[in-house]
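Colleague: here are the coordinates; sequence isn't available:
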C-alpha cells in the first residue's frame, strides 16, 4: 500500500469548500469532485462523514468528542472503504485538528504514525499458509492520500516516514506472533532473525548462546525451563547499530516462550490454547529493531530474545526443585508455570556481564495478575529508575500505546525470600505481578537502569478470536526515536 502526502492546493478546487462545509456546518453535500452519493456512517461516539464513488473515498471528521476516539473512527472508515473495494482513500488531516486540543497543525501531523497504525490494524491479514487463500482478508485499497496544508509538506513528511517505519515493525511482530508453535519454534525464530540481517544491513546477529554454552555458563534457571522440550533453547542477541560513532547502547530483552504448557503445574486446556503468544515479548523486540532500521534512527540498540519451550516429560523440572541461576542465586520452584521469569533472570545476568547499557527494558507476557489489575488497556510498567519510567510512560501516551506504573516496593522482595534457598519463583497470588517484577529485579545490578514491561494483557486481543496486537512496539519505537534526538 502506498502512502502519499497531498497538499490542498493540488486537490480539486471544490474540495476545500466541501471539507469546510462538512466541518463547520455538519452537512452532507453532493459534490462534483467525485460525482458521489453522500454516505454517513454513524459511529458511537461521533459521526464519520465520507463520500464514495466506485474507486475512491474521501474522509472528514465531525462530532468526535475526544481525540482517542479518532483512531477508532479511522479504523471503521478504512474497513468500510475496503469493503466497498475502493482503491484510493483520502484522509483530511486538518479536519482532525480540533481533536488535538490545539491550533497548531504540527499536533495533527504528529498523529500520522498513529493514523497509519489504525489503518494497518484495519487491514491486517494473517501470514500466508495458515488459511486457504480464498479466506484471506482481501486488501483492495492501494493508495492512501493524507491531505495537508500548503507549505507543510516537509513537516508532515517526517511523521509519514516514521509512521511507515512503525507499521513495518508492527507487521513483523504480528506475523511472527500469530504463527503456531509447531512452526515458530526456537530454531525457526533463529533463522527468521538471520533473514532480517540481509534485509536490514544495520541489524546483525551479535551472539547466539546455545544449550552447550548455557551449561558452561551455569545458566541453570534458563535450562530448567527447557529441559522437557525437544526444541533447543537459545539466547539470541541482535544488534541494531544506527549510530556507530556513539558509545551509548540501549538494551532490550524479550521473553520468547514459543509454547508454555505450564510444565508439571499444568495449565487448564482453555488457558493453553493461546500459549503460542508467550513469545510476544521476543517478537516485539524484533519488530522494534525493524522499525528503527526502516527509519534509520541514529541510535544503538541490542535486542535479545530468550527462546525456550515449557513442556512435560520425565525430564521436567518439578515443584520443590532448587536450581542455581547464572548469578549464583538459588531458586526454589514453587510453580513450573512461573517459567518466564526464570529464562529472563539468567538472560539479564548474561547481558549485564557482557554489555554496558544506558538502560535495559525487558518485555514479557509474564503474569495473569497484570491482566486482572489493568485489563487490556495498559501495559504494566515496573522500574528502578524514575526518569526512565517517566520517559517510557510519556512515549506510550504519544504513541497511543499506554502503560501504567506499578509499585516495586521492598515488601515484594521480602515475600519471595526462600526458607531453603535464596528466593522462590512465586510468592502467592496477592500482588503476583509485583512479586514477579521483584523477582526479576533480584537479577539486576544496583547500577542498572531497568524497566520491566508486563504485556500479558496488551500483547493480544482477548476472547475467542484473539490475535497479536504488536504492543508495545509503538511505545518502544517512540521512546527510542525520542532518545535519538537527545
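Modeller: Received the coordinates, thanks. All figures in this text were calculated on a predicted structure; none of them were measured in a lab.

Colleague: For the chain, name the helix or strand with the lowest mean pLDDT.
Modeller: Every helix and strand of the chain was ranked by mean pLDDT, DSSP states H and E. The lowest is helix 13-25, at a mean of 36.

Colleague: Name the residues that touch stretch 175-192?
Modeller: Residues from elsewhere that reach stretch 175-192, judged by CB atoms under 8 Å, 6 or more residues apart in numbering: 126-127, 130, 208, 231-234, 236, 256, 258-259, 275-277, 279-280, 282-283, 286-287, 305, 307-309, 459-460, 467-468, 470. From N, CA and C alone the C-beta is placed, and that goes for glycine too.

Colleague: start to end distance for it?
Modeller: Criterion CA to CA, to the nearest Å; first-to-last residue distance in stretch 175-192 is 11 Å.

Colleague: And the helix or strand hosting residue 370, what does it pack against?
Modeller: Using DSSP states H and E, residue 370 falls within helix 368-374. Counting contacts by 3 or more CB pairs under 8 Å, 6 or more residues apart in numbering; DSSP states H and E, helix 368-374 is packed against strand 379-383, helix 432-441.

Colleague: Using TSV, please lay out these together with mean pLDDT and mean neighbour count.
Modeller: Below are the helices and strands packed on helix 368-374 laid out as TSV (pLDDT from 0 to 100; neighbours: other CB atoms under 10 Å):
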stretch	mean pLDDT	mean neighbour count
strand 379-383	98	25
helix 432-441	98	24
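
Colleague: Distance to residue 485 for these - can I get that in JSON lines?
Modeller: Shown next, in JSON lines, are those (distance: least, CB to CB, whole Å):
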{"stretch": "strand 379-383", "distance to residue 485": "21"}
{"stretch": "helix 432-441", "distance to residue 485": "29"}
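
Colleague: can you confirm residue 254 is in a strand?
Modeller: Yes: under DSSP: H, G, I helix; E, B strand; the rest coil, residue 254 falls within a strand.

Colleague: For residue 418, see how far away it is.
Modeller: Computed as CB to CB, to the nearest Å, the residue 254 to residue 418 distance reads 27 Å.

Colleague: which one of the two has more residues nearby?
Modeller: Between residue 254 and residue 418, residue 254 has the larger neighbour count (other CB atoms under 10 Å), namely 29 against 16.

Colleague: quick one: the more buried one and residue 307 touch, right?
Modeller: No: contact criterion CB atoms under 8 Å: residue 254 and residue 307 do not qualify, at 9.3 Å.

Colleague: what's the neighbour count on residue 318?
Modeller: Close neighbours of residue 318, defined as other CB under 10 Å, add up to 11.

Colleague: Excluding chain neighbours, give the residue nearest to it in space.
Modeller: residue 264 (5.8 Å; CB to CB, 6 or more residues apart in numbering).

Colleague: Helix, strand, or coil at the one you found?
Modeller: Criterion first, three-state DSSP; result for residue 264: coil.

Colleague: Give the burial count for it, as a bare number.
Modeller: The tally of other residues near residue 264 (other CB under 10 Å) stands at 18.

Colleague: number of nearby residues for the nearest residue to residue 316 once chain neighbours are set aside?
Modeller: By the measure of CB to CB, 6+ apart, the closest residue to residue 316 outside its immediate chain neighbours is residue 228, 4.1 Å from it. Using other CB under 10 Å, residue 228 has 19 neighbouring residues.

Colleague: For residue 273, see how far away residue 228 is.
Modeller: Remark: distance between residue 228 and residue 273 (CB to CB) = 20 Å.

Colleague: Repeat that for residue 246.
Modeller: Distance of residue 246 to residue 273, given as CB to CB: 44 Å.

Colleague: coming back round to it: the helix holding residue 370: which residues count as buried?
Modeller: Using 16 or more other CB atoms under 10 Å as the test for burial, helix 368-374 gives 369-371, 373-374.

Colleague: And stretch 74-94, by the same measure?
Modeller: 74-82, 84, 86, 88-94.

Colleague: What of stretch 144-152?
Modeller: Buried-residue list, stretch 144-152, by 16+ other CB under 10 Å: 144-149, 152.

Colleague: Redo those as TSV? Include secondary structure.
Modeller: Formatted as TSV, those follow (three-state DSSP):
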residue	secondary structure
144	strand
145	strand
146	strand
147	strand
148	strand
149	coil
152	coil
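
Colleague: ok, of those residues, which one's closest to residue 400?
Modeller: The closest of the buried residues of stretch 144-152 to residue 400 turns out to be residue 146 (CB to CB; 17.2 Å).

Colleague: if I pick that closest one, what's in contact with it?
Modeller: Listed by CB under 8 Å, 6+ apart, the contact partners of residue 146 are 3-6, 90-91, 93, 112, 115, 156, 160.

Colleague: same thing but at 6 Å, please
Modeller: With contact set as CB atoms under 6 Å, 6 or more residues apart in numbering, residue 146 has these partners: 5, 91, 93.

Colleague: Repeat that for residue 113.
Modeller: Contacts of residue 113 (CB under 6 Å, 6+ apart): 162-163, 166.

Colleague: now do residue 297
Modeller: By CB under 6 Å, 6+ apart, the contact list for residue 297 reads 242, 481, 484.

Colleague: Now go through those residues and say which are in helices.
Modeller: If you go by DSSP state H, the contacts of residue 297 have 481, 484 in helices.

Colleague: could you dump the contacts of residue 297 to CSV with pLDDT?
Modeller: Below are the contacts of residue 297 laid out as CSV (pLDDT from 0 to 100):
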residue, pLDDT
242, 98
481, 98
484, 98
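
Colleague: Look at residue 314 and say how many residues are nearby.
Modeller: 5.

Colleague: Give the helix, strand or coil label for it.
Modeller: Following three-state DSSP, residue 314 is assigned to coil.

Colleague: so what strands line up beside the one helix or strand residue 305 maps to?
Modeller: If you go by DSSP H and E, residue 305 is part of strand 300-310. Its sheet considered, strand 300-310 pairs with strand 234-241 (antiparallel), strand 250-260 (parallel) by DSSP bridges.

Colleague: in that strand, what counts as buried?
Modeller: Buried residues in strand 300-310, defined by neighbour count with 16+ other CB under 10 Å: 300-310.

Colleague: got the contact list for it?
Modeller: Counting by CB under 6 Å, 6+ apart, 186, 189, 225-226, 229, 231, 233-241, 243, 246, 249-261, 263, 282, 285, 289, 339, 343-344, 347, 355 sit against strand 300-310.

Colleague: Flag the shaky bits of the chain, pLDDT-wise.
Modeller: Within the chain, the segments meeting pLDDT under 70 span 11-69, 97-103, 133-137.

Colleague: thinking again about what came up before, I'd guessed the residue nearest to residue 316 sits against residue 314; true?
Modeller: No: using CB atoms under 6 Å, residue 228 makes no contact with residue 314, being 8.1 Å away.

Colleague: for the protein, what's the longest helix?
Modeller: The chain, longest helix under DSSP H: helix 153-177.

Colleague: Give the next helix or strand downstream of it.
Modeller: Using DSSP H and E, the next helix or strand after helix 153-177 towards the C-terminus is helix 186-199.

Colleague: List the buried residues of that next one.
Modeller: Of the residues in helix 186-199, those buried by neighbour count under the rule 16+ other CB under 10 Å are 186, 188-190, 192-193, 196.
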